[in-house]
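# predicted model follows, preceded by the sequence.
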Amino acid sequence: MDQIHRTTASAAADVRAVRQRVATHLVGRERETDLLLAAVAAGRDVLIEGPPGTSKSTLLRAITAEWGIPLLFVEGNADLTPTRLVGHHNPARVLREDYTAENFVAGPLVEAMRSGGFLYVEEFNRAPEDTLNTLLTAMAERSITVPTVGTVQAADTFRVVASMNPYDAVGTTRMPTSVADRMCRLAVGYQDEDAERGIVARRTGLTSARLVADAVALTRATRERDDVRQGSSVRGAIDVALVAAQLAAMRGTEIPGAAGSGMPPRDLPADYTGVVWDAMVVALSGRVHLDEIAEQTAEGVLREIWEDHFLLRPAAAAPG
């Protein structure tokens with residue numbers, strides 16, 4: 001019994017150490033990190049559900065990197081057949097040697113099982129049902145049988161981690177209950193404004209708190225419109241800030257608030273707000289998905305957001 005307690009304590013200490021190192025890769029996401037790390041440490045397969053740009057893959061990459069576990073990435077779509085997932089025999093060698101274990105080319109599922117890695121399936125609900133059933137066998141039995149190769153037994157650290165976007169139903173399939181029943185589910189949403197500012201500042205390296213705050217506020221506003229089915233993630237804010245900084249340098253426009261500023265948006269120089277508008281069109285117009293009955297264009301929606309932020313709401317988004 002003492003040996004069991006010592007082993008459990010050692011494993012818990014290892015997970016805590018990984019948790020601390022993972023935190024250095026992320027802004028916020030403490031709760032999500034704890035839940036995902038606890039689930040995979042407990043030997044569970046996990047489905048992460050949330051909109052794009054909510055750090056799903058970043059979180060998983062950080063965990064596998066700090067744990068020293070391989071991460072094999074596949075994109076769920078109609079082309080992800082069981083053969084592409086499991087592997088295939090080299091056609092040229094088959095002609096010479098017939099089907100043998102030696103000419104089998106392992107797919108990402110077999111690689112992950114053999115190496116004890118995490119198989120990360122993005123857009124899980126876009127994969128065909130027969131592909132999901134192949135994964136079901138691997139999750140349920142921790143082994144699969146490949147003709148001429150034999151039984152592939154998964155290493156202890158093998159996990160299936162999948163992600164899906166709950167807002168986009170185009171091209172998706174209904175997930176079989178048998179698959180969902182074998183996976184823990186972690187719902188991930190957008191972070192708060194302060195966290196998104198921290199992400200943009202870290203990812204861009206910009207010193208202007210003003211530009212970072214405006215990029216985040218404008219991007220977050222795309223998620224609050226009734227005529228927008230899905231707004232932009234924080235990736236849009238990153239691009240707004242980066243493109244605006246480049247445009248400002250090209251045009252000789254001064255970016256206010258390099259050290260932080262409480263200046264309200266309506267008092268900002270017109271050349272600066274114009275730079276931000278141009279950056280918005282490039283960075284956000286392709287990321288804003290309008291409702292089917294919307295009468296506006298994406299550019300029209302963005303213009304209203306820009307006007308609301310810079311002209312109609314004088315106290316909005318002052319950094320600091």
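That came through fine. Numbering: from 1, shown residues only.

# where along the stretch 1-150 of the chain do the strands fall?
45-49, 71-75, 87-89, 104-106, 118-122, 143-146, 150-153 (DSSP state E, counting those that start in this stretch).

# which of these has the lowest average pLDDT?
With a mean of 82, strand 87-89 has the lowest mean pLDDT of those.

# just checking, what packs against that one?
strand 104-106 (3 or more Cβ pairs under 8 Å, 6 or more residues apart in numbering; DSSP states H and E). Quick note: C-beta positions are derived from backbone N, CA and C, even for glycine.

# circling back: let's have the strands of the stretch 1-150 of the chain in TSV, adding distance to Ala209.
Output for the strands of the stretch 1-150 of the chain, formatted as TSV (distance: least, Cβ to Cβ, whole Å):
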stretch	distance to Ala209
strand 45-49	31
strand 71-75	34
strand 87-89	51
strand 104-106	49
strand 118-122	33
strand 143-146	52
strand 150-153	53
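
# out of the ones you listed, which gets nearest to Asp271?
strand 118-122 (40.5 Å; Cβ to Cβ).

# from what I can see Val146 touches Met113, true?
No - if you go by Cβ atoms under 8 Å, Val146 and Met113 don't touch, sitting 10.5 Å apart.

# those two: who's more crowded?
Neighbours per residue (other Cβ atoms under 10 Å) separate Val146 from Met113, with Met113 holding more: 23 against 18.

# relative to Arg61, how far out is the more buried one?
From Met113 across to Arg61, the span is 20 Å (Cβ to Cβ, to the nearest Å).

# and what of Arg114?
Counting by Cβ to Cβ, the gap from Arg114 to Arg61 is 21 Å.

# what of Glu295?
From Glu295 to Arg61 the distance is 41 Å (Cβ to Cβ).

# higher neighbour count, the two?
Each of Glu295 and Arg61 has its neighbours counted (other Cβ under 10 Å); Arg61 has more, 17 against 8.

# residues in contact with that one?
His25, Leu71 (Cβ atoms under 8 Å, 6 or more residues apart in numbering).

# count of neighbours near Arg287?
18.

# not counting sequence-adjacent ones, nearest residue to it?
Ser232 (3.9 Å; Cβ to Cβ, 6 or more residues apart in numbering).
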